[in-house]
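Engineer: Sequence below, structure please.
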Amino acid sequence: VLKRHGFKLLEKQDVARRAFLHGQRYFSSPTSEPFLSGSNSNYVEEMYYAWLENPKSVHQSWDVFFRSANAGQAAQLPAQLEGKASFLQSHGLAPAPGKAEKLVEDHLAVQSLIRAYQIRGHHVAQLDPLGILDADLDSFIPSDLITTIDKLGFYGLHESDLDKVFQLPTTTFIGGSENSLSLREIIQRLEHTYCQHIGLEYMFINDVEQCQWIRQKFETPGVMKFTSEDKRTLLARLVRSMRFEDFLARKWSSEKRFGLEGCEVMIPALKTIIDKSSEMGIEYVIMGMPHRGRLNVLANVIRKELEQIFCQFDPKLEAADEGSGDVKYHLGMYHERINRKTNKKITLSLMANPSHLEAVDPVVQGKTKAEQFYRGDTAGKKVMSILLHGDAAFAGQGVVYETFHLSDLPSYTTNGTIHVVVNNQIGFTTDPRMARSSPYPTDVARVVNAPIFHVNADDPEAVMYVCSVAAEWRNTFNKDVVVDLVCYRRRGHNEMDEPMFTQPLMYKQIHKQVPVLKKYADKLIADGTVTLQEFEEEIAKYDRICEEAYTRSKDKKILHIKHWLDSPWPGFFNADGEPKSMACPPTGISEELLAHIGNVASSVPVQDFKIHSGLSRILKARSEMTQSRLVDWALAEYMAFGSVLKEGIHVRLSGQDVERGTFSHRHHVLHDQEVDKRICVPMNHLWEQQAPYTVCNSSLSEYGVLGFELGFAMASPNALVCWEAQFGDFHNTAQCIIDQFISSGQAKWVRHNGIVLLLPHGMEGMGPEHSSARPERFLQMSNDDSDAYPEFTEQFEVSQLYECNWIVVNCSTPANYFHVLRRQILLPFRKPLIVLTPKSLLRHPEAKSSFDEMVSGTTFQRVIPENGPAAQAPHEVKRVIFCTGKVYYDLVKERKSQDLEKQVAITRLEQISPFPFDLLKEELDKYPTADLVWCQEEHKNSGYYDYVKPRFRTIVNHTRPIWYVGREPAAAAATGNKNMHLVSLRRFLDTAFNLEAFEGKTF
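Structural biologist: The predicted structure follows:
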């Protein structure tokens, strides 16, 4: 029986969610307490009096109870209510305990039944167009769904109850304008909503309003209706989608194109999302997708000229001198046009993507966030993202989760993304039952309370309705949503692949499967929406468009990759896409500016703000340095950021713990010690008119967050976007973004990007995961030639930077770090900048710079030559040691201790790639008789030696050796034993200053 606390739950609106127990435990037993006895009687009496006064003041189930308990039945009242019997009878109500109890139980059972369909109806929905697999990979039918009459017994109901009328709870809309329905009608309507071609997963969402919104959109009778015009538009879009693929198959039958056959409905689906979003105010849609169907999306959604697509299939097409290019099904596109449905301007951008299927996800989100930021679109009402996925990749790739994990973080949210999964029910050759442990490929989305709409892709109208609701959801609640298009792949993984080797039964069924276009056309012809002649004319019309474009494509002789650019920067380059100049102005700033920024950096520009006592000491030290015209690493960075903010350049610094800094050196966000969440960012208080500074601790992710920042940097060249690894070693979990986008993005897609990677690096005995940023990887992927001796022109530095794929620096002074950050913005083009940042040098007493090295007229020093006694008498120098980064300070200290300052010169490479041939030639010429040594603290098989050695040899025309001094080769990046670290350091320092170490040796 329902106890007192159980009845109280009936007063709440979410009674159907919480009021009854699972199974049949809530039914009465012979030994149970009578319904109107004991502790229940007073409560029932109170409810009864309230109902008499106002029937609407009690829950609907009590209203039904009191109305249905017929006064004509003369059952004996419990003793506790005998005194009230006459009162009850005078009002025409004498409750019959057995009947009343059954009535309440039956209503609760019906509420339970409705909830069961809302939660689990998707498990029996008819989602697979092939009718082979259940979409959830499980043929089990939930026992609480009424798939057979005998299952009514689960709820204590019987076939005789089917025509009884039940009051509907407020948690369903199946009644439409009716408040009660027969049990038979309730079941039929639930099956129609939840068990046909749409499967809904949303009951895990913990927001009642959002659940009610979804119920209303799908449960309301007759809600999924289309006008004749809607149906004709849908048919025309299906024609274009399918005939495009047919045309490519006819013309280039042996070419890979990763066609969309089996999910042609995706094209009208995307167009419906865009139409609805445009209607709701969206002006810019940024899309990311894998290669399947990309050409079709480019042609029929983005509206890339067909001849530009067709000419890509011509093997004789010459490449313009713009890079190495990429295969046609990886390319992106940017296009502004008028949306025909809303007659509003819409901008569409499809991001270029490598074969790493989900790698583009965070990149799209970052670009979307940037576009929202520059438009002041804080709520995401003007810019949104759409991500397309394959079923296997969506379930299998960890970056999907990393991207979802950013979706509601303040500095990373894009206010909702629409995810469309092309669920082929296969991954290359892998059966989904072997490819995932979750029921659906979309289950990862549940972690962010994103509703998931599964839909049979062979029901175009159901797909269009779901996509319209998804767009409306995103633009109403600004939350993610997933549309799972359950479809099939008519061909193999690519057009040359034979799928029958591994999926014989599936492909036997696919070969018999009637294409969705024919199915839908037959349906519309049958109901008179279109005629056969109109349908055939639509096909002929699009075929003619394709043929004409094919003819024009034959005139294309040169492929211009820049025509496929997904992120143009209007006005930054000239009309030909070239830099407006090949010069970089000096990067120094006035002493007045340096002092002003230093003063703000050492203050708290907010009143009544209590900071930590330890931070007070840090700010005091900054103030003293500013007064002494000195900067350390943190202050140099502050001045670089602050100075570009004054010039209107937005600065964004992101990564793990960057607000304070991993090494507690930065402190760009101050926290009030007495008021929770009260913070101050002094960098945003430099000037009244300045660009905003964004500094944000990221989630504990490298792959996703670096991809996000890369995307953010794509949106505008007028921003300094920096990502800092907690330790440089950790960038390797983001290697896909580094390899596929940062290193090669410009060569493949003519896409400039000025992102800055800050990678803490240095061998300090902290173990193999906290020492090395693996500089050798970046140098191995640098494209500057080691053998070609360059011509040293006046613009050599800038032209060399323009030709490289990225810049790798290891600064040894705060001033040079300041300059290289400012140079990143002042260059007339954009290149990724890899900065190996220090750890121990952050507080090294010698690692400070004077204002004199940063004032107006000063610049970044690619090479810092010896400037001590050795430089005064170069012919007496016995050895020149070339090095980079922190090891310089170890070498200087050791040289001084051995009194070799006249015999040994030490020259620092601050910019390692592109290699400073011109400046190093001057150094080598200065010391013609000295030994040449490259010294590094890294192991020989890592670090820089393999990169610098052939380039030094090129400078000296292979006439002088460049000896190696450093740690021996090792499998691990560094030792975790402090003593071993110190012993190896001592060993290579001894070698570095042993002037006879290489006598008698051959190179």
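
Engineer: pLDDT on stretch 971-988, on average?
Structural biologist: Stretch 971-988 carries an average pLDDT of 95.

Engineer: Around residue 637, how many other residues sit close by?
Structural biologist: The tally of other residues near residue 637 (other Cβ atoms under 10 Å) stands at 24. Just so you know, the C-beta spots here come from the backbone N, C-alpha and C atoms, and that holds for glycine as well.

Engineer: What residues does the closest residue in space to it that isn't next to it in sequence make contact with?
Structural biologist: Nearest residue to residue 637, sequence neighbours excluded (Cβ to Cβ, 6 or more residues apart in numbering): residue 817, at 6.6 Å. Taking Cβ atoms under 8 Å, 6 or more residues apart in numbering as the contact definition, residue 817 lies against 633, 636, 637, 640, 811, 835, 837.

Engineer: hang on, residue 817 is in a strand, isn't it?
Structural biologist: No. Under DSSP: H, G, I helix; E, B strand; the rest coil, residue 817 falls outside any strand and is assigned helix.

Engineer: Please report the distance of it from residue 342.
Structural biologist: Distance, residue 817 to residue 342, by Cβ to Cβ, to the nearest Å: 50 Å.

Engineer: Next step: the contacts of residue 817 restricted to helices.
Structural biologist: Judged by DSSP state H, the contacts of residue 817 include 633, 636, 637, 640 as members of helices.

Engineer: give me phi/psi at residue 195?
Structural biologist: Residue 195 has phi and psi values of phi -130, psi 20 when expressed as degrees, to the nearest 10.

Engineer: That one and residue 120 touch, don't they?
Structural biologist: No. With contact defined as Cβ atoms under 8 Å, residue 195 does not reach residue 120; the gap is 9.9 Å.

Engineer: shared neighbours of those two, which are they?
Structural biologist: Residues touching both residue 195 and residue 120 by Cβ under 8 Å, 6+ apart: residue 145.

Engineer: before we move on, the earlier item: dump the contacts of residue 817 into a markdown table; add pLDDT and distance to residue 516 as well.
Structural biologist: Below are these laid out as a markdown table (pLDDT from 0 to 100; distance: Cβ to Cβ, whole Å):
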| residue | pLDDT | distance to residue 516 |
| --- | --- | --- |
| 633 | 97 | 61 |
| 636 | 98 | 62 |
| 637 | 98 | 57 |
| 640 | 98 | 57 |
| 811 | 97 | 59 |
| 835 | 98 | 52 |
| 837 | 97 | 55 |
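
Engineer: Pick out whichever of those sits closest to residue 313.
Structural biologist: Distances from residue 313 to the contacts of residue 817, taken as Cβ to Cβ, are shortest for residue 835 (42.4 Å).

Engineer: Tell me how far stretch 516-525 lies from the chain's centre.
Structural biologist: Centroid displacement of stretch 516-525 relative to its chain, using Cα atoms, centre = their mean, to the nearest Å, is 38 Å.

Engineer: What lies in contact with that stretch?
Structural biologist: So stretch 516-525 is contacted by 129, 231-232, 234-235, 238-239, 241-242, 264-265, 457-458, 460, 530-532, 535 (Cβ under 8 Å, 6+ apart).

Engineer: Also stretch 491-500?
Structural biologist: Contacts of stretch 491-500 (Cβ under 8 Å, 6+ apart): 249, 253-259, 261-262, 426, 428-429, 489, 506-507.

Engineer: Which positions within it qualify as buried?
Structural biologist: Neighbour-count burial for stretch 491-500 flags 491, 492, 493, 495, 499 (criterion: 16 or more other Cβ atoms under 10 Å).

Engineer: Now for the second one, which secondary structure element holds it?
Structural biologist: Pointing back at residue 492 there. For residue 492, there is no helix or strand it lies in under DSSP states H and E.

Engineer: any idea how far the residue nearest the centre of the chain is from residue 685?
Structural biologist: Nearest to the geometric centre of the chain sits residue 362, at 2.5 Å (Cα atoms, centre = their mean). Here residue 362 is placed at a distance of 31 Å from residue 685 (Cβ to Cβ).

Engineer: ok, back up a step: PyMOL command to pick out the buried ones of the contacts of stretch 516-525?
Structural biologist: To isolate in PyMOL the members of the contacts of stretch 516-525 that are buried, counting by 16+ other Cβ under 10 Å, one can use:
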select buried, resi 129+231+232+234+235+238+239+241+242+264+265+457+458+460+530+535
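
Engineer: So which of the contacts of stretch 516-525 sit within helices?
Structural biologist: Within the contacts of stretch 516-525, residues falling in helices by DSSP H are 231, 232, 234, 235, 238, 239, 241, 242, 460, 532, 535.

Engineer: biggest separation within the residues you listed, which pair?
Structural biologist: 241 and 532 (19.9 Å).

Engineer: quick revisit: any of the contacts of stretch 491-500 buried? List them.
Structural biologist: Among the contacts of stretch 491-500, those buried by neighbour count (16+ other Cβ under 10 Å) are 257, 258, 259, 261, 262, 426, 489, 506, 507.

Engineer: Please identify the helix or strand for the second one.
Structural biologist: Okay, so that is residue 258. Assigned by DSSP H and E, residue 258 belongs to no helix or strand.

Engineer: and it, what are its phi and psi?
Structural biologist: Residue 258 adopts backbone torsions of phi 50, psi 60, taken as degrees, to the nearest 10.
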